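*Asks:* any chance you can model this:
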Amino acid sequence: MGLILSVKKREKIYVGDDWFRVAKVTGQQDFVVENADGTAYTISGPDDEPAQVIPEVFVSAGLSRSQVPDNQARVFIEAPQEMRILRQGPYRTLCLHEQSAEVVERFLKVDGLSWPWQKMGTEVLEDLDREIQKLMRGGE
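*Replies:* Predicted structure coming up:
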C-alpha cells in the first residue's frame, strides 16, 4: 500500500518503530533520505527505482500537481498495510500514551487498592486505550 506525504527537511517519518527523514531537498522531485543507521538514499524523481530505506519499506518521489516549498519533498512511501506510518509528533504522543497505560496497569495491580482508585484508574486506562487506537490509525 502506498502513501504520499509532503515532508519537511529533517522531519522524521516513523514506519512501525523505525524511522527515516528527508536529509536534503535538491530539487522539485529530488531529495535525499536517511534512516536511523545513517544510510543515505538519493531519490531522483518519480521514475527512479524506489529505495528500500527500512526492511519492507520503499521510498520514491511522489508526483506533485503544484509547487512544493524548497524545504519539503513529496515522498511516496510503500509499506505493508499492517505497518503504521506516523509523523514524529504523533509517534512520540503514541509512545507516551503507551508508557502511561503501562504505569496505570501496574497501579491497578496493587493489592488492597480501594474502589474509588480502581474505578478512576480503569477510566484513565480506557481513555488512554482510545487515544492509542486513534493514533495507531494515523489520527492526532
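*Asks:* my guess is residue 26 contacts residue 32. True?
*Replies:* Yes - Residue 26 is within contact range of residue 32, at 6.9 Å (criterion: CB atoms under 8 Å). All C-beta spots, glycine's among them, are computed from the backbone N, C-alpha and C.
*Asks:* burial count for residue 75?
*Replies:* Neighbour count of residue 75, defined by other CB atoms under 10 Å: 23.
*Asks:* gap between the closest residue in space to it that isn't next to it in sequence and residue 101?
*Replies:* Nearest in space to residue 75, with sequence neighbours left out and distances taken as CB to CB, 6 or more residues apart in numbering, is residue 7 at 4.9 Å. Residue 7 sits at a distance of 29 Å from residue 101 (criterion: CB to CB, to the nearest Å).
*Asks:* neighbour count winner among those two?
*Replies:* Just comparing residue 7 and residue 101: by other CB under 10 Å the higher neighbour count belongs to residue 7, 25 against 18.
*Asks:* could you measure from the more buried one over to residue 62?
*Replies:* 9 Å.
*Asks:* now do residue 8
*Replies:* 14 Å.
*Asks:* show me which of the two is the more surrounded one.
*Replies:* residue 62 (20 against 14).
*Asks:* OK, contacts around that one?
*Replies:* Going by CB atoms under 8 Å, 6 or more residues apart in numbering, residue 62 touches 4-5, 46, 74-76.
*Asks:* buried subset of the residues you listed?
*Replies:* Applying a neighbour-count criterion of 16 or more other CB atoms under 10 Å, the buried members of the contacts of residue 62 are 5, 74-76.
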